[in-house]
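Trainee: all I have is the shape, not the residue letters:
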């Protein structure tokens, strides 16, 4: 349910690439320490190794960056080490979400590599046993995902926060987790059953992307600095429309993007029958014949390139593509509006937030 | 990988049935609040309802009780409300573990009812879609398990602990989680491949039962009272051998128990090819012909009652059954040893700890 398109980030005052490197260093050191501990206990290192490989093999690190930006918006200073560690914990949490997501979607590749359950199934081909390798790979991947979640907590709890700061940030993370689960559950129960309900598709986007991916990571970063409800509200006014715009762009790229640029097939979302806003708009607005054709084509795992081209034609002809672009522009403008004369966001952060909004909504990959 | 046999608890000074009721009340109130919130957001209530049904449908509540006993051992007083809430969070965490466990083991019943993934698959039979109902049930159950874990954290964080107490207890819970994951992973990678490695079977028992089920819940309860490493060590000296004995008893009941008393088939563990200490002892000690026969019978999903009877014969003839009983007696004695003249455990707690050790090791169901 999550796509893996890279994100271009413009150069800025905070130096996002440096922050990214710091997050990656924390993750590498954490895995080294964990693996040493595990092998010292006489336990197999497979789960830790597979997880490390997955976490370090790529990804935009969007949530850690937004967490750092939340801190920056609160303070105007680059994030200190404990904030970087919390940001890294968010990435580990996201790895949990992706690993289970790939099991649920039965996805075979992510970030240009085999997904965790596929990689684990391949390793199991060598063993004998009553469970077949595919099933064994899925089972192990469920546990590797659970481990990622447990370790995300561990990294957070050992981030070096004071007890009051830790206690302040935990409810934000709890809200984030529950929101993600609800978004995922709603996504799961409607995937394969796309319909004309634009509001429902927007609700999934709201929970999975606007809140989980954008707003909450920024809230986490801000809550690490101090308790200022007005700042959190200002960050929400920026992050929620931005997150929706980001997801709408993702949906468009998933269907109309250039696979040589996005690195992702343009058939995947259509074959899965994803209940995106784009598809809901089309099922609502297309002429009855086109809507019926769309409905019969979507969600077919054997969909051909020609059938996908026909879907693109319908999505364009009924105005859904155009309307999705307009919704992105509206939300982008709304996100920027709050940055005009912010009362709580630190002035140093305004430029980088503006640049980020640009790169998250106008990207080509 | 977890069995569901009920546990008899002797009457005692702490009044365990009352504690159990208090834990259940916290869980019921939590689910009521959650469901109201979810429906208020326009989200489907299915996941919350299915989870509530699972959590409230039974179970020994062993981990919450041991958590309360950890508090009692530290203070000599009945647990106040925040401790009960943390104990309830442990039960919710255990629900997460059981739901994923049942998916992994492909178990169809637990506590005399359909498992979560089976119940969800049945609901999905009514819908149409490209994923078949069984697969959709598994997918939804993975998310319901994830939700149980997220809510376990939420219940913990909102238990009403002071920030320093919360910060003190989180590392204990983190250790508990990682230990469980390692135990599960080891169990998973060896199930279906039983061998004569008694040490490895004991290692699984150590992580999954001695540490996760017994020691850590007691540590959590004790850490809620104050920071006393000596008390934690004394509790470990009691809980670790007790946990091993409890699991060995479980393994024996799983094969030799009376199904009309245990409420559980005597074929399940054998059909799954569980890598128990009992089986490892037999594969190590049986005469070569019997060991080969055992190996060929174990892990066959189509095993007949006659074949299971033959396995029981071999387990008895080679002395494995007897040796498992001896190991239980040794561990039971070791657990009691630390209660002789405890330096840190509160004197009021000694009797109930002794009674608990009795009921956990000598039970018939």
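Mentor: Perfect, I can see it now. Please read these numbers as outputs of a predicted model, since none were measured by experiment.

Trainee: just for the stretch 51-200 of chain A, where's the confidence low?
Mentor: Along the stretch 51-200 of chain A, segments meeting pLDDT under 70 span A:126-131.

Trainee: show me where it has helices.
Mentor: Taking DSSP state H, counting those that start in this stretch as the test, the helices found in the stretch 51-200 of chain A are A:62-75, A:81-105, A:116-124, A:133-157, A:163-190, A:198-205.

Trainee: quick one: the fifth one to helix A:81-105, angle?
Mentor: Yep, that's helix A:163-190 we're talking about. 20 degrees (axes from the mean of the first three to the mean of the last three Cα atoms, to 10 degrees).

Trainee: now do helix A:163-190: distance to the chain's middle.
Mentor: The chain centre lies 13 Å from the centre of helix A:163-190; the measure is Cα atoms, centre = their mean, to the nearest Å.

Trainee: residue ranges with poor pLDDT in the stretch 201-350 of chain A?
Mentor: Applying pLDDT under 70 to the stretch 201-350 of chain A picks out residues A:263.

Trainee: at 80 instead, please
Mentor: Low-confidence segments of the stretch 201-350 of chain A, defined by pLDDT under 80: A:259-266.

Trainee: quick revisit: for residue A:37, find the nearest of the helices of the stretch 51-200 of chain A.
Mentor: Among the helices of the stretch 51-200 of chain A, helix A:133-157 comes nearest to residue A:37, with 11.0 Å by Cβ to Cβ. Bear in mind the C-beta positions are built from the backbone N, C-alpha and C, glycine included.

Trainee: what's the angle between that closest one and helix B:133-157?
Mentor: Using the same axes, to 10 degrees, helix A:133-157 lies at 20 degrees relative to helix B:133-157.

Trainee: quick one, which of the helices of the stretch 51-200 of chain A is nearest to residue B:93?
Mentor: Per Cβ to Cβ, nearest to residue B:93 of the helices of the stretch 51-200 of chain A: helix A:133-157, 10.2 Å.

Trainee: what helices or strands is the closest one leaning on?
Mentor: Helix A:133-157 is packed against helix A:16-40, helix A:46-56, helix A:81-105, helix A:116-124, helix A:163-190, helix B:81-105, helix B:133-157, helix B:163-190, with contacts defined by 3 or more Cβ pairs under 8 Å, 6 or more residues apart in numbering or on different chains; DSSP states H and E.

Trainee: recalculate using a threshold of 7 Å.
Mentor: Packing contacts for helix A:133-157, counted by 3 or more Cβ pairs under 7 Å, 6 or more residues apart in numbering or on different chains; DSSP states H and E, involve helix A:46-56, helix A:81-105, helix A:116-124, helix B:81-105, helix B:163-190.

Trainee: what residues of the longest one count as buried?
Mentor: When you say that, I think you mean helix B:163-190. B:165-170, B:172-190 (16 or more other Cβ atoms under 10 Å in any protein chain shown).

Trainee: so which of those are also by chain A?
Mentor: B:166-167, B:170, B:174, B:177-178, B:181-182, B:184-186, B:188-189 (Cβ under 7 Å from any Cβ of the partner chain).

Trainee: from those residues, which is closest to residue B:40?
Mentor: residue B:166 (27.6 Å).

Trainee: ok, the closest one touching residue A:167?
Mentor: Yes - counting by Cβ atoms under 7 Å, residue B:166 touches residue A:167, with 5.7 Å between them.

Trainee: which residue is the nearest non-sequential neighbour of the residue of the stretch 201-350 of chain A found nearest chain B?
Mentor: Proximity of the stretch 201-350 of chain A to chain B (Cβ to the nearest Cβ) peaks at residue A:299, 4.9 Å away. Leaving aside its sequence neighbours, residue A:299 sits nearest to residue A:273 (Cβ to Cβ, 6 or more residues apart in numbering or on different chains; 2.5 Å).
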